[in-house]
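Q: Just the structure for this:
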Amino acid sequence: MPERWTRAVLRRRVPVLVCWTIVLAFGVVAAIRLPALLSNVFTVPGTESDRARQILERGFRERPDGVFTVVFRAPRSSRATLQRKLDRAARLVPTGHASQLRPGAGVLYGEVDTTLDLQHAKGYTDALRRALARAFVTGQPAIQHDLEPVLSHDLLRGEAIALPIALVVLFAVFGLSLAVLVPFLFAACTIGATLAAMYALAQGFTMVSYVSNLVELVGLGLAVDYSLLIVYRFREELERADNVDAAIVRTMETAGRAIVFSGVTVAIGLGLLLFVPVPFVRSLGVGGFLVPLASLAAAATLQPALLSLIGRRGARRIPLARKLRLPMLPGTLEVDRGFWARLARAIMRRPVPCLLGGTMLLAAAAVPAAWLRVTPGSISALPGGSDSVRGVALLRDKVGAGALTPIEVVIDTGQGGVRTPELKRAVERLTNATFHDPEAYLTASGSRAPYVDSSRVYRRIYVVSRHEYGDPATRGLVHRLRDSLIPRAHFPAGVHVYVGGAPAQGVDYLDRSYAWFPWLVLGALVLTYFVLLRAFRSVLLPVKAVLLNLLSVAAVYGLLVVIFRWGAGAALLGLHHAPQIEGWIPIFLFAMLFGLSMDYEVFLVSRMRESWEHVPDNGRAVAHGLERTGRIVTAAALIMVAAFSGFVAGRVAGLQEFGLGLALGILIDATIVRAILVPSLMAVFGRWNWWLPKGGSRSSLPSSTRST
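A: Alright, predicted model coming up:
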């Protein structure tokens with residue numbers, strides 16, 4: 001960072017600290033109030049399922065994500081009594097009205113239809129349950145309502161795992177010192193700023209329920225890592241500096257600059273998610289994107305102020321630490337004889353075998369990615385024990401897996417109305433065709449409510465599938481309805497037929513998301529290359545970094561298939577075993593890992609570049625860079641893995657997949673990539689590592705840092 005900026009912050013350190021204290025207070029309030037504004041909605045504007053949703057809301061006064069399903073364990077003889085009870089309960093919900101109860105094997109079930117969106121509908125779950133004491137209240141609003149305490153509990157469990165591990169690692173790096181507190185203060189303010197921004201955005205935009213867990217656990221790992229790298233460099237600079245302010249300036253010019261480039265690479269991948277026209281993906285992207293932005297803002301302002309606050313005395317180890325003999329991570333200031341320098345030289349003596357071995361290992365891990373299958377979601381993967389999940393299980397066993405989320409074929413007759421003979425014959429042809437489809441468990445249609453709206457302009461057909469809404473068989477039924485069954489029904493000219501409901505929303509969500517995914521990958525590759533070109537002042541090193549990141553992300557995809565789909569070790573680790581990975585996981589993992597994997601690359605290569613600027617010897621530069629960063633990158637990786645393990649410790653399948661994917665990616669990057677592939681590739685390339693065509697500056701490092 002520019003010297004003038006750092007000195008300006010140091011002159012105003014007290015106002016800076018006061019401002020960040022206020023931000024932290026706002027963040028605490030936001031953390032308490034934010035969960036009530038969150039909900040998982042898979043609607044995709046502009047798609048066929050969204051047009052069906054709009055007609056259902058406008059014509060039938062309901063929307064699929066605001067419908068409660070009520071299940072009674074009762075015989076058919078109780079139908080009239082329970083119908084009256086359901087009608088009374090529906091009046092407790094604004095715009096609510098009850099459907100007719102339908103029988104199953106020993107159960108009666110019906111809906112409380114509303115025009116409320118999921119975020120507002122979920123708030124009436126408790127009122128319905130009090131009015132329907134002996135019934136199971138489920139459906140998307142009730143499921144969302146029951147998911148919130150699970151996510152909150154899982155977040156506390158994750159923090160209970162991550163924070164002690166982070167503390168132990170920081171003690172192993174810094175010893176018993178006040179410097180240990182700086183990364184935690186930095187992380188608290190960064191997370192607070194992000195949560196405050198998310199709370200403000202959630203007032204006007206739909207935000208995913210997972211955002212709080214994402215911000216707090218990812219924010220913890222990222223912020224502690226960034227602050228750790230800066231504090232470590234600060235302690236190095238104190239050994240050479242005449243005063244504390246000079247050490248802070250040099251720290252921010254070197255480690256601070258590397259953090260800026262690292263944060264930018266993380267923000268690039270997550271920022272590109274904002275261009276994906278899917279609200280679920282965008283809201284996750286916003287949460288992830290704000291984390292590195294807040295970290296960068298804190299690194300530029302709060303971090304220098306905190307370093308000046310602890311000063312030389314606070315950064316020094318307390319003498320008691322020597323008597324306690326706390327364990328330390330490997331690494332030393334003896335850059336020529338340290339553990340990491342010896343490892344680098346050993347690899348560089350035999351670079352080709354090491355390169356081939358490491359590459360083959362990652363390629364083997366990546367092969368199972370060919371069997372990666374995604375789903376928009378899975379009701380069976382919901383954490384058990386809640387009233388809504390028991391209702392789902394009862395409905396699945398007694399009626400069918402698709403009963404909770406039926407496909408809704410919505411017919412817009414235009415000016416013709418629903419009574420024309422041509423329309424009736426087309427509806428009969430369609431219902432007959434779906435009746436004979438092997439996946440359709442039940443087809444329901446009629447000439448009165450709830451199949452026809454009050455204006456007699458819209459009509460609908462319920463199609464209940466044999467499998468739940470995210471299953472491939474159900475998605476196949478949606479495609480058959482759209483591609484063949486509806487066209488073969490020959491609806492009259494001017495009539496528009498839309499396939500909606502949760503299964504169709506899931507299909508549109510996956511189709512739209514993965515139509516944009518290749519552009520996301522391409523954009524991340526190109527933008528990251530140019531950022532690293534500026535950071536490394538090398539043409540070849542950014543290419544190496546981008547290719548190695550692609551290989552490590554592919555390896556993570558393959559390992560997720562092995563663990564979650566094939567079940568290898570899932571039971572041992574207490575993980576959910578599912579035939580498919582949730583659809584947002586591969587997209588968000590790529591965006592997140594592609595940036596996070598660059599963190600250590602930027603910090604490592606920046607130190608190598610410093611050594612190269614001092615003495616242009618490639619072997620020496622690689623060994624010195626690895627030795628200077630070995631201990632600190634290992635510590636940073638351990639903290640990041642601990643933070644991501646917080647997701648794995650939870651009960652939500654999607655967050656387990658996400659957390660394990662991030663943890664595996666960081667482990668791969670900090671071990672195989674950093675310790676084996678990077679030194680071996682740089683040995684193969686030799687002086688070409690540092691080549692830049694004429695016109696580029698010789699070094700992007702400040703003149704004051706061109707010594708090791």
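
Q: which helices and strands sit right next to whichever strand in the chain runs longest?
A: Secondary structure of the chain per DSSP state E: the longest strand is strand 458-465. Strand 458-465 is packed against helix 48-59, strand 407-412, helix 421-435, strand 440-444, helix 472-480, with contacts defined by 3 or more CB pairs under 8 Å, 6 or more residues apart in numbering; DSSP states H and E. The C-beta positions use only the backbone N, C-alpha and C, and glycine is treated the same way.

Q: if you set the cut-off to 10 Å instead, what comes out?
A: Under the contact definition 3 or more CB pairs under 10 Å, 6 or more residues apart in numbering; DSSP states H and E, strand 458-465 sits against helix 48-59, strand 407-412, helix 421-435, strand 440-444, helix 472-480, strand 496-500.

Q: Output the third one in CSV, but only the C-alpha positions, please.
A: Think helix 421-435. Taking C-alpha atoms only, helix 421-435 is exported to CSV below (Å, rounded to 0.1, in the frame of the first residue of the first chain):
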residue,chain,number,x,y,z
PRO,A,421,-64.7,-27.4,-26.2
GLU,A,422,-61.3,-27.2,-27.8
LEU,A,423,-59.6,-26.3,-24.5
LYS,A,424,-61.4,-29.1,-22.7
ARG,A,425,-60.3,-31.7,-25.2
ALA,A,426,-56.7,-30.5,-25.0
VAL,A,427,-56.8,-30.7,-21.2
GLU,A,428,-58.2,-34.3,-21.5
ARG,A,429,-55.4,-35.3,-23.9
LEU,A,430,-52.8,-33.8,-21.6
THR,A,431,-54.2,-35.5,-18.4
ASN,A,432,-54.5,-38.8,-20.2
ALA,A,433,-50.9,-38.5,-21.4
THR,A,434,-49.5,-37.7,-17.9
PHE,A,435,-51.6,-40.5,-16.4
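
Q: between it and helix 472-480, how many degrees?
A: Between the axes of helix 421-435 and helix 472-480, defined by axes from the mean of the first three to the mean of the last three CA atoms, to 10 degrees, the angle is 150 degrees.

Q: by how many degrees do helix 421-435 and strand 440-444 diverge?
A: In terms of direction (the same axes, to 10 degrees), helix 421-435 departs from strand 440-444 by 160 degrees.

Q: What's the mean pLDDT across helix 421-435?
A: Mean pLDDT, helix 421-435: 94.

Q: Please apply the same query to the fifth one.
A: When the per-residue pLDDT values of helix 472-480 are averaged, the result is 96.

Q: Next secondary structure element downstream of that helix?
A: Under the assignment DSSP states H and E, the closest C-terminal helix or strand after helix 472-480 is helix 486-489.

Q: Report the buried residues of that following helix.
A: Across helix 486-489, burial judged by 16 or more other CB atoms under 10 Å covers 486, 489.

Q: sorry, back to before: so which of the helices and strands packed on strand 458-465 is the most packed in?
A: Neighbour counts (mean count of other CB atoms under 10 Å) averaged over each of the helices and strands packed on strand 458-465 peak at strand 407-412, with a mean of 25.

Q: quick one: strands adjacent to that strand?
A: Neighbouring strands of strand 407-412 in its sheet, by DSSP bridges, are strand 458-465 (antiparallel), strand 496-500 (antiparallel).

Q: Can you tell me, leaving aside adjacent residues, what's nearest to residue 219?
A: residue 191 (4.2 Å; CB to CB, 6 or more residues apart in numbering).

Q: Just the mean pLDDT for the helix or strand harbouring that neighbour, thanks.
A: Per DSSP H and E, residue 191 falls inside helix 181-202. Averaging pLDDT along helix 181-202 gives 94.

Q: before we move on, what about stretch 64-71?
A: In this model, stretch 64-71 carries a mean pLDDT of 90.

Q: got it, and stretch 682-697?
A: For stretch 682-697, mean pLDDT rounds to 77.

Q: quick one: contacts of it?
A: Residues outside stretch 682-697 that contact it (CB atoms under 10 Å, 6 or more residues apart in numbering) are 344-345, 347-352, 354-355, 533-534, 536-541, 544, 605, 608-609, 612-613, 616-619, 621-622, 625-626, 681, 698-700.

Q: Tell me the pLDDT of residue 331.
A: 49.

Q: Only the buried residues of stretch 371-386, if you could.
A: Within stretch 371-386, the residues scored as buried using 16+ other CB under 10 Å are 374-383, 386.

Q: oh sorry, the question was meant for stretch 75-87
A: Going by 16+ other CB under 10 Å, stretch 75-87 has these buried residues: 79, 82-83, 85-86.

Q: what do you get for stretch 537-545?
A: Buried, per 16+ other CB under 10 Å, within stretch 537-545: 537-542, 544-545.

Q: Let me have the residues you listed in JSON lines, adding secondary structure and distance to residue 521 as columns.
A: Output for these, formatted as JSON lines (DSSP: H, G, I helix; E, B strand; the rest coil; distance: CB to CB, whole Å):
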{"residue": "537", "secondary structure": "coil", "distance to residue 521": "26"}
{"residue": "538", "secondary structure": "coil", "distance to residue 521": "23"}
{"residue": "539", "secondary structure": "coil", "distance to residue 521": "21"}
{"residue": "540", "secondary structure": "helix", "distance to residue 521": "21"}
{"residue": "541", "secondary structure": "helix", "distance to residue 521": "20"}
{"residue": "542", "secondary structure": "helix", "distance to residue 521": "16"}
{"residue": "544", "secondary structure": "helix", "distance to residue 521": "18"}
{"residue": "545", "secondary structure": "helix", "distance to residue 521": "15"}
